[in-house]
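Chemist: Provided below are the primary sequence and the corresponding predicted coordinates.
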Amino acid sequence: MHLGNSIICPVTGIPMLALMGGAAYLAFKKGKKDFKKENILPAVMLTSLVFGLQMINFSIPSTGSSGHIVGGLLLAVLLGPYAGFLAMCSIILVQALFFADGGLTALGCNIFNMGFLACFAAYPLVYKPLEKNKFAAAVLASIVALQLGSIAVVAESFASGSITTNVGFFAGLMQSIHLPIGLVEGVVSAAIIFAAQKTDFSKAFSYTTGGIALILAGVISNYASSKPDGLEWSLLNISNSFVAQTQGQIYALSEALQAKTAVLSSIPSVAANIIGLLAIVILMSCVAKLLTVKKAEVYEK
């Protein structure tokens, strides 16, 4: 579901980036109230796990397409919506900057589609009311998160002028292909939520999570499906209706900047994935530690 620079024009992308920058600032301010030092390790390891899971594309039978877990709902459940959203921002930023996975012009849209909607729509509106049955809650909320994200992709593409005909058909393709992806994500999320809550975020759970992330990035990613993902598959099916947004100085600047920063896109995948995982660990460690810094209270004598 990572949108590229050629799909989102600056008129759409820049306001979305500003909005998501504001959302990240507010999430950081809100998150500081509840985030505790003992949550730093599980937050870093869970973010690493989601980063690793996003590398594993699995085939969707009878479609010629593939999908991967997004993980926004999972992070919202286990870290809270504010820290979960910041974790998703970290993942999407690293992917865009170092892997060229998602365009810089589309960065705000991607954060909204994969992070904001999961953490601040699907989590409070679907998961929380159903959380007594955690399996059903995780599955339904994951499906809703991906359906909302796929509809947002259609709206942003239309607003950008990249898809102006066959919009309804494009929406149908996006909804249908992301339904099974959401189902798989829900089952996996439910299993991880169950394990996390049973172990009460123990160090053993955190280190196990980090180890799984390393295995996903360094080994299992080599066996991921090479079929086009849900967005790519949908675009291929309406290729005659797609108008690439590749004009203008902002597009050129975005492409040139990303070409310089995406250093991991041109090295062997295993090395790139492990370095990317390390970047996530460093970035999320900084975010998590900053969330624990409280303002000194001043008492009048």
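Modeler: Arrived safely.
Chemist: Next up, the contacts around residue 209.
Modeler: By CB atoms under 8 Å, 6 or more residues apart in numbering, the contact list for residue 209 reads 42, 45, 46, 48, 49. (Each C-beta comes from the backbone N, C-alpha and C, glycine too.)
Chemist: any chance you could map the strands in the protein?
Modeler: 58-60, 65-67 (DSSP state E).
Chemist: In a markdown table: these, plus mean pLDDT, distance to residue 259 and mean neighbour count.
Modeler: Formatted as a markdown table, the strands of the chain follow (pLDDT from 0 to 100; distance: least, CB to CB, whole Å; neighbours: other CB atoms under 10 Å):
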| stretch | mean pLDDT | distance to residue 259 | mean neighbour count |
| --- | --- | --- | --- |
| strand 58-60 | 96 | 30 | 16 |
| strand 65-67 | 97 | 26 | 25 |
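Chemist: CSV please, covering those strands and showing distance to residue 165.
Modeler: CSV is the format used below for the strands of the chain (distance: least, CB to CB, whole Å):
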stretch, distance to residue 165
strand 58-60, 26
strand 65-67, 22
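Chemist: can you tell me which residues contact residue 34?
Modeler: Residue 34 touches 80, 82, counting by CB under 8 Å, 6+ apart.
Chemist: coming back round to it: counting only helices, which of the contacts of residue 209 make the cut?
Modeler: Judged by DSSP state H, helices contain the following of the contacts of residue 209: 42, 45, 46, 48, 49.
Chemist: Residue 135 versus residue 83, what's the distance?
Modeler: Residue 83 sits 23 Å away from residue 135 when distances are taken as CB to CB, to the nearest Å.
Chemist: out of the two, which sits in the busier spot?
Modeler: Using other CB atoms under 10 Å, the more surrounded residue of residue 83 and residue 135 is residue 83, with 28 against 15.
Chemist: Sketch out the low-pLDDT regions of this protein for me.
Modeler: The model of the chain has pLDDT under 70 over residues 295-301.
Chemist: for the protein, what's the longest helix?
Modeler: helix 167-199.
Chemist: now that one, how far from the centre of its chain.
Modeler: 12 Å (CA atoms, centre = their mean, to the nearest Å).
Chemist: for stretch 143-151, same thing?
Modeler: With CA atoms, centre = their mean, you get 12 Å for stretch 143-151.
Chemist: what residues does that stretch touch?
Modeler: 1, 70, 72-73, 113-114, 117-118, 121-123, 125-126, 171, 174-175, 177-179, 181-183, 185-186, 230.
Chemist: Out of those residues, which end up buried?
Modeler: Buried members of the contacts of stretch 143-151, counted by 16 or more other CB atoms under 10 Å: 1, 70, 72-73, 113-114, 117-118, 121-123, 126, 171, 174-175, 177-179, 181-183, 185-186, 230.
Chemist: and which of the contacts of residue 209 is nearest residue 282?
Modeler: Of all the contacts of residue 209, residue 282 sits closest to residue 48, with 10.6 Å by CB to CB.
Chemist: I figured that closest one was touching residue 282, is that so?
Modeler: No: assessed by CB atoms under 8 Å, residue 48 is found out of contact with residue 282, at 10.6 Å.
Chemist: These two: which is more packed in?
Modeler: Neighbour count, other CB under 10 Å: between residue 48 and residue 282, residue 48 has more, with 27 against 13.
Chemist: which residues touch residue 264?
Modeler: Residue 264 touches 98, 99, 272, 275, 276, counting by CB under 8 Å, 6+ apart.
Chemist: How about the contacts made by the nearest residue to residue 181 once chain neighbours are set aside?
Modeler: Counting by CB to CB, 6 or more residues apart in numbering, residue 67 is the residue found nearest to residue 181 once chain neighbours are left out, at 3.4 Å. Neighbour list for residue 67: 57, 58, 60, 177, 178, 180, 181, 184, 229, 230 [criterion: CB under 8 Å, 6+ apart].
Chemist: Show me the beta-bridge partners of residue 67.
Modeler: Beta-bridge pairing for residue 67 (DSSP bridges): residue 58.
Chemist: about what we covered before: output the contacts of residue 209 as TSV; include the columns distance to residue 208.
Modeler: Formatted as TSV, these follow (distance: CB to CB, whole Å):
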residue	distance to residue 208
42	11
45	8
46	11
48	12
49	10
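Chemist: Many thanks, we can stop here.
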